[in-house]
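A.B. asks: No letters, just coordinates:
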């Protein structure tokens with residue numbers, strides 16, 4: 001049973017009382033009975049009016065008439081409002097009735113308007129006070145705390161560096177910051193200044209926020225956390241006020257850590273955008289620049305910030321003295337992924353058949369958040385089946401679900417579509433197996449997925465590579481075209497199923513020409529200027545970096561690369577047409593085949 005606060009009931013009672021007072025006061029000010037003008041005229045004709053008082057209003061000829069008349073041999077006072085007091089005065093003169101004219105009370109009309117308006121304002125203020133009380137901040141919390149910082153302070157952060165896996169170098173870069181927070185005197189004796197700001201940059205999900213929490217947990221100092229969007233409001237000056245309040249609170253709790261997540265929301269480069277800028281955001285940024293390195297020193301305050309768009313940040317905030325250190329938090333390599341998987345697997349019942357090393361190999365490009373989500377989905381599948389531990393099959397199903405989309409086994413697919421998909425995926429799989437730099441096949445399936453794909457072919461990369469060679473990129477394009485080529489060979493026709501493959505192949509070829517300088521005809525020149533699109537307002541009238549002739553040559557070179565890869569891939573598939581047929585038939589029979597089953601098809605070919 002939920003009990004209401006008694007204080008809130010008092011507010012409601014007071015509000016109702018104010019409304020009732022307004023109604024009664026307004027009705028009382030009129031001070032008019034049910035007496036009408038027609039009754040007044042009838043009484044004048046019947047000589048029943050003894051005397052009268054005319055009260056003209058400031059807006060003559062309107063006014064109020066007070067009459068004393070006989071009624072049942074008694075003197076009765078009646079009041080009536082008329083639209084023309086002069087007309088009534090003439091009737092009084094003609095009837096010989098004594099009357100007086102009172103002075104015009106100009107304030108009466110004003111009071112009649114001011115008091116109701118003041119009462120309405122009072123009601124509105126009371127409603128705002130009630131809303132403030134309901135929010136838990138007191139009656140004036142909403143109004144008084146509008147410019148206050150929204151940062152949350154935590155003194156008991158439980159995260160430690162041991163909870164962060166796969167980021168060994170990043171943790172080493174942050175160790176001296178932790179040591180400084182624990183013992184700042186050791187550094188000040190040597191004249192060393194700890195970095196005022198550390199910028200954590202990297203793709204989403206790589207562990208930037210987790211690193212910041214771990215630093216606060218290791219150093220055991222107050223930890224202020226806030227999002228960059230919490231500074232920005234529609235009212236100019238509010239964001240700057242919140243920045244001042246944030247650093248004022250931080251100074252009182254120094255040494256401490258101020259963590260600003262998604263700082264690009266407030267520290268975007270100034271003077272950009274369609275309108276030339278954003279006054280509120282730029283004032284907020286200016287105040288942040290002053291607080292981090294202005295006239296006053298903020299001793300003992302370390303600002304940590306995270307962003308995945310360092311390219312759009314203002315240069316002023318990136319200079320030494322503000323963000324002295326920039327740490328790139330990249331997606332983990334295969335060893336880091338295995339460490340992350342072991343860390344998350346400690347809290348889950350894992351079966352003996354689960355091979356975390358193999359999972360780490362198949363999840364190239366996954367971030368820490370992706371890997372945590374992978375094992376969480378596997379645990380959900382296990383609980384759904386009412387089993388007590390996670391198996392390798394659960395992890396494989398979860399990988400397909402998060403990486404490609406959940407399999408739609410209940411979807412009705414015609415035999416014709418299933419046959420086209422089987423040959424399409426077999427074409428991809430053959431090129432994955434034959435070409436040396438694209439990785440062996442792990443799974444081939446013709447079961448539709450939630451991502452809209454009719455099937456999928458999943459490779460198993462043997463190692464992570466930082467760089468890609470020209471030959472490897474050409475092989476990637478060949479693999480992408482494998483499905484379309486298989487359709488051409490078998491059906492002498494083409495479908496729309498390869499649209500995504502063609503789009504990716506074209507993008508890869510264009511990058512080779514315009515970004516990586518891998519075209520002999522175009523040369524070692526970068527013609528890719530898409531990085532400036534985020535500042536379209538600044539570069540709207542900016543001329544292209546190359547002529548129309550070069551644009552045409554780029555298109556020709558992209559087409560030549562794709563066509564050359566198409567011809568080479570077609571030759572390989574034709575040489576392995578028997579494998580293509582057997583693979584397609586096996587897929588039609590089983591719908592999904594493993595690496596061992598697919599490689600056995602090539603062994604059969606060699607025996608023949």
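C.D. replies: All right, it came through fine. Please read all numbers here as calculations on a predicted model, not as lab measurements. Numbering: from 1, shown residues only.
A.B. asks: Quick check: which element contains residue 69?
C.D. replies: Per DSSP states H and E, residue 69 falls inside strand 63-71.
A.B. asks: Next: residue 302.
C.D. replies: Here residue 302 is assigned to strand 301-307, by DSSP H and E.
A.B. asks: what's residue 262 sitting at in phi/psi?
C.D. replies: phi 50, psi 60 (degrees, to the nearest 10).
A.B. asks: how close does it get to residue 212?
C.D. replies: Between residue 262 and residue 212 the computed distance is 12 Å (CB to CB, to the nearest Å). Heads up, the C-betas are built off the backbone N, CA and C, glycines and all.
A.B. asks: who's more crowded, the two?
C.D. replies: Taking neighbours as other CB atoms under 10 Å, residue 262 and residue 212 compare with residue 212 leading, 25 against 20.
A.B. asks: Residue 257 is in contact with that one, correct?
C.D. replies: Yes. Contact criterion CB atoms under 8 Å: residue 212 and residue 257 qualify, at 7.2 Å.
A.B. asks: which residues do those two both contact?
C.D. replies: By the contact definition CB atoms under 8 Å, 6 or more residues apart in numbering, residue 212 and residue 257 are jointly contacted by 223, 304.
A.B. asks: Give the buried residues for the helix or strand following the strand holding residue 302.
C.D. replies: Per DSSP H and E, strand 301-307 leads on to helix 315-318 as the next helix or strand towards the C-terminus. Residues 316-317 are the ones in helix 315-318 that count as buried (16 or more other CB atoms under 10 Å).
A.B. asks: Rounded mean pLDDT for the first helix or strand past helix 315-318 going along the chain, please.
C.D. replies: Following helix 315-318 in sequence order, the next helix or strand is strand 325-328 (DSSP H and E). The average pLDDT within strand 325-328 is 88.
A.B. asks: Strand 325-328 pairs with which strands, parallel or anti?
C.D. replies: strand 197-201 (parallel) (DSSP bridges).
A.B. asks: between the strand it pairs with and strand 301-307, how big is the angle?
C.D. replies: Put simply, strand 197-201 runs at 20 degrees to strand 301-307, going by axes from the mean of the first three to the mean of the last three CA atoms, to 10 degrees.
A.B. asks: Strand 197-201: how far from the chain's middle?
C.D. replies: Chain-centre distance of strand 197-201: 20 Å, with CA atoms, centre = their mean, to the nearest Å.
A.B. asks: looking just at contacts, which helices and strands does the following helix or strand past it meet?
C.D. replies: Towards the C-terminus, the helix or strand next in line after strand 197-201, according to DSSP H and E, is helix 208-219. Applying 3 or more CB pairs under 8 Å, 6 or more residues apart in numbering; DSSP states H and E, we find helix 208-219 packed against helix 168-182, strand 197-201, strand 223-227, strand 256-261, strand 301-307.
A.B. asks: what's in contact with helix 208-219?
C.D. replies: By CB under 8 Å, 6+ apart, the list of residues contacting helix 208-219 reads 154, 157-161, 163-164, 167, 170-171, 174, 177-178, 181-182, 200-202, 222-223, 225, 255, 257, 259, 261, 304, 306, 329, 368.
A.B. asks: Name only those of these that count as buried.
C.D. replies: The neighbour-count test (16+ other CB under 10 Å) marks 157, 159, 161, 164, 167, 170-171, 174, 177-178, 181, 200-202, 222-223, 225, 255, 257, 259, 261, 304, 306, 329, 368 as buried among these.
A.B. asks: That concludes my questions; thank you for your assistance.
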